[in-house]
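A.B. asks: here is a sequence together with a model predicted from it:
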Amino acid sequence: MGKGGITYPEGFSASAVHCGIKKEKKEDLTLIFSSQPCVATGTFTINQFKSYSLLWTLKNIKNPVQAVLVNSGNANTCNGIENYRYTELLAKELSKIIGIEPSSVLIGSTGIIGKPLPYEKIVNALPELVRTLSTENHTLAAKGIITTDRIPKEFQTATGIKGRHKEVCIGGMTKGAGMINPCMATMLCFITTDAVIERDLLQEALKEAVEESFNMVNVDNDMSTNDMVICLANGMAKNSRIQRGSEEYQKFLLSLKTTCKELAKMIATDGEGATKLIEVKVKGGWCIKDARRVAKRIAGSNLFKSAVYGAYPNWGRILAAAGSVNAKIDVKNVEVSLCGVKVYNGDPVDYDEEKLHKIMEKEDKITVEMDLKKGHFSATAWGCDLTEDYVKINKE
């Protein structure tokens, strides 16, 4: 299979095993490892109820990091303070096996809230997890972090930045299909790079990339207790240190944004029960916040999402969603297009509704374009249709 996803940059390997958290025999424990210490940055949920795994990661993310341990099937959240102690012990046990410091291990969890962390099952699986580390196991690792996702999600790209050893690369994997309405994070996302870059600048780049990608995804208007985006940089490309404002920084930032956007779109496409991706492009915003607010509100509108599922071009729901946002809109001149067909320009447009209905039935991606006519700022948001299967998946 070769390198890809999180193992695409130099020096990263991965593995995944079934340790027994999930009832079905599917991977539920993943390990990401760097042969060299990394600078690490992240963005995290602002939900007041936070996973103990996330709290451990928050405590240690400013340290040199070499390993990330992720379990799926158990959120390690609201399950008793003793589970924080178990989280700490997991880091210590893994560090012993690898031969690194416990403080260089980050931990992530996803799954059911309120259940005790199955510490013994995870500890017993650690030796096999370390033994099977490989650059070829990137897709297996992506499978090990998913819950209700239908497919693993990974992406990789080269940046065009030359290093003494090789070209700087970025790779990533993510999971998420429900409880997705993030603020400064997503569900779980792990990004790797072999770039030489200072931590503060990496954090700045990650924050900007997340704002334009994961923070613009809305599947169901719910925010998880476990959301995190982690980025690790081990410097093994041996490029000249990336400097703020340089051409190399712009190349790195563009590649990081591309990685985050592609992974974010995969999350929206794979939303629980989804059959169609919704992409909302807003321009003419008075400020960037206005453009983002409107785009995300439309993408997250349950009424519009339901109309998309029925392939019904109900543009009134688009306007209603946009108008509910605290944003400047020229309501007399605003323009709306649906799948490339203009439906509103301050007044209803005469268009072939049945033809547009058939287009929406056929297309896997439904595109909304809206011009607020108030300025020069633009934003794109992603969501998915709302189906009966979403309720079936979440009825328990």
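C.D. replies: Received, thanks. Numbers count the residues shown, from 1 in each chain.
A.B. asks: all helices of the protein, in order?
C.D. replies: All helices of the chain, identified by DSSP state H, fall at 52-60, 82-98, 119-131, 138-144, 199-211, 247-269, 288-300, 302-309, 315-323, 353-362, 388-394.
A.B. asks: show me what counts as buried in the second one.
C.D. replies: Taking 16 or more other CB atoms under 10 Å as the basis for neighbour counts, the residues of helix 82-98 that come out buried are 83, 84, 86, 87, 88, 90, 91, 93, 94, 95, 98. (Each C-beta comes from the backbone N, C-alpha and C, glycine too.)
A.B. asks: one more: the fifth one?
C.D. replies: For helix 199-211, the buried set under the neighbour-count rule, 16+ other CB under 10 Å, comprises 199, 201, 202, 203, 205, 206, 209, 210, 211.
A.B. asks: can you list the helices of the chain in TSV and add distance to residue 11 and mean pLDDT?
C.D. replies: Conversion of these to TSV gives the following (distance: least, CB to CB, whole Å; pLDDT from 0 to 100):
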stretch	distance to residue 11	mean pLDDT
helix 52-60	20	96
helix 82-98	14	97
helix 119-131	16	98
helix 138-144	13	96
helix 199-211	16	96
helix 247-269	17	94
helix 288-300	35	94
helix 302-309	42	92
helix 315-323	45	96
helix 353-362	45	96
helix 388-394	38	69
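A.B. asks: now those in CSV, with distance to residue 189?
C.D. replies: Supplementary listing: these in CSV, determined by distance: least, CB to CB, whole Å:
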stretch, distance to residue 189
helix 52-60, 13
helix 82-98, 20
helix 119-131, 20
helix 138-144, 11
helix 199-211, 9
helix 247-269, 6
helix 288-300, 18
helix 302-309, 23
helix 315-323, 27
helix 353-362, 30
helix 388-394, 21
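A.B. asks: how about residue 72, what does it touch?
C.D. replies: Under the criterion of CB atoms under 8 Å, 6 or more residues apart in numbering, the contact partners of residue 72 comprise 21-22, 27-30, 109-111, 144-147, 175.
A.B. asks: from residue 58, how far out is it?
C.D. replies: Here residue 72 is placed at a distance of 20 Å from residue 58 (CB to CB, to the nearest Å).
A.B. asks: could you do residue 338 as well?
C.D. replies: Distance of residue 338 to residue 58, given as CB to CB: 42 Å.
A.B. asks: who has more neighbours, those two?
C.D. replies: Between residue 338 and residue 58, counting by other CB atoms under 10 Å, residue 338 is the more crowded of the two (23 against 14).
A.B. asks: any idea what that one is bridged to?
C.D. replies: Each beta-bridge partner of residue 338 is listed here: residue 341, residue 368, as defined by DSSP bridges.
A.B. asks: ok, residue 136 touching residue 7?
C.D. replies: Yes. The pair residue 136 / residue 7 is scored as a contact, 7.5 Å apart, by CB atoms under 8 Å.
A.B. asks: give me the more crowded residue out of those two.
C.D. replies: When residue 136 and residue 7 are compared on other CB under 10 Å, the one with more neighbours turns out to be residue 7, at 28 against 14.
A.B. asks: model confidence score at that one, please.
C.D. replies: In this model, residue 7 is scored at 98, pLDDT.
A.B. asks: list the contacts for it?
C.D. replies: 13, 14, 134, 135, 136, 137, 138, 171, 192.
A.B. asks: for these, which one is nearest residue 50?
C.D. replies: residue 192 (24.0 Å; CB to CB).
A.B. asks: do I have it right that that closest one meets residue 34?
C.D. replies: Yes. Residue 192 lies in contact with residue 34 (CB under 8 Å); the separation is 7.4 Å.
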